[in-house]
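Colleague: please work out how this folds:
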Amino acid sequence: MVGKSLGHYQIVEKLGEGGMSVVYKALDTHLERFVALKVLPSDRVADQERRRRFVREAKAASALNHPNIITIYDINRVDGVDFIAMEYVEGCTLRELIAGGGLPVQEALDYGTQIASALAAAHSAGIIHRDIKPANIMIAGAPAGPRAGLRQAKVLDFGLAKLTEPVSSESGETETIKAGEPTLTKEGAIVGTVAYMSPEQVEGKKLDARSDLFSFGAVLYEMLTGRQAFHGDSTVSTMSAILRDTPAPPASSVRRCQPSWSASCGVAWRRIASCATLRGTNCIRIWRRARRT
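Modeller: Numbering: from 1, shown residues only. Sure thing, here's the model as predicted:
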């Protein structure tokens, strides 16, 4: 699609591709600015009920005005192609930034504060992300690899998980939709990227803001240690680890960490990623309390 146009968006280059979408850098010829175009796969939006739910949630997310949430400019369909136009951020994903090792503790905690603030704003508006992971967090201006100081974190893809939720048929049975790895969708509304799922996601239970808190805890753990909190040789073994295992304390492998910071990191992890009934629901309040401990 490079060189082509979708409406008044002229596609300049391909930025990336995943199971849920293909992302392009495009020029908005009306406003003369670059945007990121997320083109949605046709099989995800073929079902009108699924598309309606996605559009409703994406519209709600577009109303969020927060410095740590990617701004959505447009949700449209042109020549049968569904896409989202959003803020273009020059930088890299958190996944790229932490590849090969964890971040310095202060840097990880500062990014954690920004992510927690974004989630708190979304949750207060009744929006649950459902797929918090390093690949869904952009770091503005940060190159992958060598550190370039603290940058602004931006959470993206609010509402996109709605496209993978099962849709009830007329008979009341749940339709099973195939999803690209590593996102899993099956009967019981299991939605999210497996390694960062909450226990209630794994079990197909109804989700609330506490599910995002667990996923946030898993992201924090990976920022501090450079490794995933839960990992198995297969999807099933990873899901089993989430339900059964307790990750090693992050202080055991945190880089450049004073003892007092190690204690705070451990407390933050335990409070954020404990069972749902103990997790609480206010992300930023829990995060600030954990950092003070």
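
Colleague: so which residues of the stretch 101-250 of the chain form helices?
Modeller: Using DSSP state H, counting those that start in this stretch, the helices of the stretch 101-250 of the chain run over 105-124, 199-202, 209-225, 235-244.

Colleague: just want the angle from the first one to helix 209-225.
Modeller: I take that to be helix 105-124. For helix 105-124 against helix 209-225, the angle by axes from the mean of the first three to the mean of the last three Cα atoms, to 10 degrees is 170 degrees.

Colleague: can you pull out the strands in the protein?
Modeller: Ranges of strands within the chain are 5-6, 9-17, 22-28, 33-39, 72-78, 81-87, 91-93, 137-140, 153-155, based on DSSP state E.

Colleague: and the contacts of the fifth one?
Modeller: Spelled out, that is strand 72-78. Residues from elsewhere that reach strand 72-78 (Cβ atoms under 8 Å, 6 or more residues apart in numbering): 6-7, 28, 35, 55, 58-59, 61-62, 82-87. Using the backbone N, CA and C atoms, a C-beta is placed for each residue, glycine as well.

Colleague: again with the shortest one
Modeller: Contacts with strand 5-6, where a contact means Cβ under 8 Å, 6+ apart, come from I11, A26, T29, L37, V39, N76, V78, D79, V81, F83.

Colleague: okay, now the unreliable bits of the stretch 1-150 of the chain?
Modeller: 19-20, 44, 50, 57, 142-150 (pLDDT under 70).

Colleague: could you rerun that using 50?
Modeller: Low-confidence segments of the stretch 1-150 of the chain, defined by pLDDT under 50, span residues 146.

Colleague: so of the strands of the chain, which one's packed in deepest?
Modeller: Using mean count of other Cβ atoms under 10 Å, the stretch among these with the greatest mean number of neighbours is strand 153-155 (a mean of 26).

Colleague: tell me the phi and psi of G204?
Modeller: phi 70, psi 30 (degrees, to the nearest 10).

Colleague: any idea how far it is from Y88?
Modeller: Counting by Cβ to Cβ, to the nearest Å, the gap between G204 and Y88 amounts to 36 Å.

Colleague: ok, the two, which is more surrounded?
Modeller: The neighbour comparison of G204 against Y88 (other Cβ atoms under 10 Å) goes to Y88, with 21 against 15.

Colleague: thought A36 was touching the more buried one, still the case?
Modeller: Yes: using Cβ atoms under 8 Å, Y88 is in contact with A36, at 4.6 Å.

Colleague: can you list residues touching both of those two?
Modeller: Shared contacts of Y88 and A36, defined by Cβ under 8 Å, 6+ apart, are found at K25.

Colleague: just give the nearest non-adjacent residue to Y221, would you?
Modeller: In space, Y221 comes closest to A229 once its chain neighbours are excluded; the distance is 4.2 Å by Cβ to Cβ, 6 or more residues apart in numbering.

Colleague: residues contacting the one you found?
Modeller: The contact partners of A229, by Cβ under 8 Å, 6+ apart, come to A195, G217, A218, Y221, E222, P247, A273.

Colleague: just the pLDDT at K162, thanks.
Modeller: Per-residue pLDDT puts K162 at 55.

Colleague: break the protein down into its structural domains.
Modeller: 5-87, 92-292 (automatic domain parsing).

Colleague: distance check, A26 against T238.
Modeller: From A26 to T238 the distance is 35 Å (Cβ to Cβ).

Colleague: contact partners for the nearest residue to E222 once chain neighbours are set aside?
Modeller: Distances taken as Cβ to Cβ, 6+ apart put Q228 closest to E222, at 5.7 Å, once the chain neighbours are dropped. Residues near Q228 by Cβ under 8 Å, 6+ apart: A195, A218, Y221, E222.

Colleague: out of these, which two sit at the greatest distance?
Modeller: Looking at those by Cβ to Cβ, the two members farthest from one another are A195 and Y221, with 10.7 Å of separation.

Colleague: looking at these two, which is more packed in?
Modeller: Legend: neighbour count by other Cβ under 10 Å for A195 and Y221, higher for Y221 (26 against 21).
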